[in-house]
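> I would like the atomic coordinates for the input below:
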Amino acid sequence: MRSRIYYIVLILLLSACNSLNRLSLYNLSNQYSNTSFTILKAVAFNDGRLSSRVFIPVQMSDMVTASGENSDKNFRKVGIKYELFETYESKHILDSASIIIIDSALFAKDTIITIDIQYPDDRKYILKLELIDLNRVDAVSKYLCLDNSVPASPDNFLLKGADGNLLFENVLGEDEEFFLQLSDTTAKEVFVRYYKREFPLALPPFLEEPEHNFDYRADSVFVIVAEKGETEVMQLQNEGFYHFQTDSSGRGGYTVFRFHKGFPEIISSEQMLQSLRYITTKNEFDEIRFSDDIKLAVDNFWLNNAGNPSRARAMIQKYYGRVVDANNYFTSYLEGWKTDRGLIYIVYGPPKIVFRGKDLEEWLYGEKGNSNSIRLQFVKVENPFTKNDYSLIKSPSYKEKWYNIVNTWRR
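Numbering: from 1, shown residues only. Below you'll find the model as predicted:
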């Protein structure tokens, strides 16, 4: 069943409006929390040289129903608010608006809110989105990087299923059919570069990563047909990532990923084993890996460390729940649990405080200003395949605290 789409044209340039609270001063740890009443997703599509259309899906079943003062009819009441900034450090709001949607609970369906935004110039921007359940008096937020800096930016592509419905994640399964809508409606063909790579796991925060340059030579290259701003319908035949370009002379474009079956969930004993490497010694890991029954060996690892079946089940649920969360939050050109942020999230848990700047994300475990707190910084990596690539700044000072937290998983 298709979602209803509300097209909301809100072009309110407020360049004179000041915001004394820079986004970089906000604690954004709620971006990595799975306790919100709903999940806020959004995608942007450059439908003009200086305009972008932002699509926001609303799961109406997540919203609370209420009755009117003079009526016994139930209704849902949803608010959408946005603010546009040049960067996370900007003091000024370039554009802002808010809307309210009231929907009868008897006929409520999933809804897509669509907002048209005018760019002041050809560049990148930060869009702060807030979805508010006005009956619940609660909100969730999301920070979207809008990119109109170059014609080959990923925001010039829009991912859709074969039925024409929008897809809000660029991670697809083997049986999913899809096509791309293009900002360049004159394009007759799209170049596809396919990459199949095996990436190593993230190293502990006190170990420096060996330097390596990504090999941009694709494993294969093929061309698909485009007509009237849309590509032909296709499927991803093999695991890996597929980079779509209307101009193959550079590296810009849009990437679609296909990971293991069931992603982002963990559905096999082999997948349970892989992420266990973060808290095992090499000998322990190899012993499990070469055992006759990997599932039994993994279970025994947890049972031996937990001391009893009840605690073992709780630790398994907690650990692999974080692996799935890491896949949802930090996936880039590799699965989220393999990334630096994924490693820290799995072992330490959700950060208490998160500050984000233009090219930096800082996590804090503990109280701000407390010398015993753990502070980690992740630098944003420019990557043609994703906007979600961050690398941890390593330091030998993390070693003692790292082993302390790892040991809490082992007793």
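
> that's a helix at residue 125, yeah?
No: Residue 125 is assigned strand when assessed by DSSP: H, G, I helix; E, B strand; the rest coil, not a helix.

> how near is it to residue 75?
Applying Cβ to Cβ, to the nearest Å, the value for residue 125 to residue 75 is 34 Å. In this view, the C-beta of every residue, glycine as well, is placed from N, C-alpha and C.

> check contacts around the residue nearest the centre of the chain.
Of all residues in the chain, the one closest to the mean position by Cα atoms, centre = their mean is residue 329, 4.3 Å from it. Listed by Cβ atoms under 8 Å, 6 or more residues apart in numbering, the contact set of residue 329 reads 31-32, 336, 341-342, 345.

> read off the pLDDT value for it.
We note a pLDDT of 97 for residue 329 in this prediction.

> that older thread, which of the contacts of residue 329 sit farthest apart?
31 and 342 (14.3 Å; Cβ to Cβ).

> with neighbour numbers in mind, choose between those two.
Between residue 31 and residue 342, residue 342 has the larger neighbour count (other Cβ atoms under 10 Å), namely 26 against 18.

> pretty sure the more buried one belongs to a helix, no?
Yes: counting by three-state DSSP, residue 342 falls inside a helix.

> touching, it and residue 332? I think so.
No: in this structure, residue 342 sits apart from residue 332 without contact. The criterion is Cβ atoms under 8 Å, and the distance is 9.6 Å.

> and residue 258, what does it touch?
Taking Cβ under 8 Å, 6+ apart, we find residue 258 in contact with 171-174, 236, 238-242.

> in JSON lines: those residues, plus neighbour count.
Converted to JSON lines, the contacts of residue 258 look like this (neighbours: other Cβ atoms under 10 Å):
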{"residue": "171", "neighbour count": "19"}
{"residue": "172", "neighbour count": "20"}
{"residue": "173", "neighbour count": "12"}
{"residue": "174", "neighbour count": "11"}
{"residue": "236", "neighbour count": "20"}
{"residue": "238", "neighbour count": "11"}
{"residue": "239", "neighbour count": "13"}
{"residue": "240", "neighbour count": "18"}
{"residue": "241", "neighbour count": "22"}
{"residue": "242", "neighbour count": "24"}
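
> closest to residue 375 among the residues you listed?
The closest of the contacts of residue 258 to residue 375 turns out to be residue 171 (Cβ to Cβ; 30.8 Å).

> give me the beta-bridge partners of that closest one?
Under DSSP bridges, the beta-bridge partners of residue 171 are residue 257.

> residue 181 too?
Under DSSP bridges, the beta-bridge partners of residue 181 are residue 158, residue 230.

> quick one: contacts for it?
45, 157-158, 160, 229-230.

> what's the separation between residue 224 and residue 409?
When Cβ to Cβ is applied, the distance between residue 224 and residue 409 equals 46 Å.

> cool, residue 259 as well?
As for residue 259, its distance to residue 409 is 25 Å (criterion: Cβ to Cβ).

> please enumerate the helices of the stretch 251-400 of the chain.
With helices called from DSSP state H, counting those that start in this stretch, the stretch 251-400 of the chain shows them at 269-276, 282-289, 294-306, 309-330, 340-348, 399-408.

> give me the residues contacting the second one.
Spelled out, it's helix 282-289. 273, 276-277, 280, 294, 297-298, 301.

> can you give me the angle it makes with helix 294-306?
Interaxial angle of helix 282-289 relative to helix 294-306 (axes from the mean of the first three to the mean of the last three Cα atoms, to 10 degrees): 140 degrees.

> for the fifth one, same thing?
With the same axes, to 10 degrees defining the directions, helix 340-348 sits at 50 degrees from helix 294-306.

> helix 340-348 packs against which elements?
Packing partners of helix 340-348 (3 or more Cβ pairs under 8 Å, 6 or more residues apart in numbering; DSSP states H and E): helix 309-330, strand 360-365, strand 374-380, strand 390-392, helix 399-408.

> where does residue 36 land in three-state SS?
With three-state DSSP as the basis, residue 36 sits in coil.

> which residues touch residue 139?
So residue 139 contacts 79, 130-133 (Cβ under 8 Å, 6+ apart).

> nearest to residue 39, of these?
Of all these, the one with the least separation from residue 39 (Cβ to Cβ) is residue 131, at 9.5 Å.

> what residues of the helix or strand hosting that closest one count as buried?
Using DSSP states H and E, residue 131 sits within strand 124-133. Neighbour-count burial for strand 124-133 flags 124-129, 131-133 (criterion: 16 or more other Cβ atoms under 10 Å).

> buried residues, the top strand by length along the chain. List them.
Of all the segments assigned as strand in the chain under DSSP state E, the longest by residue count is strand 74-85. Within strand 74-85, the residues that count as buried by 16+ other Cβ under 10 Å are 75-78, 80-85.
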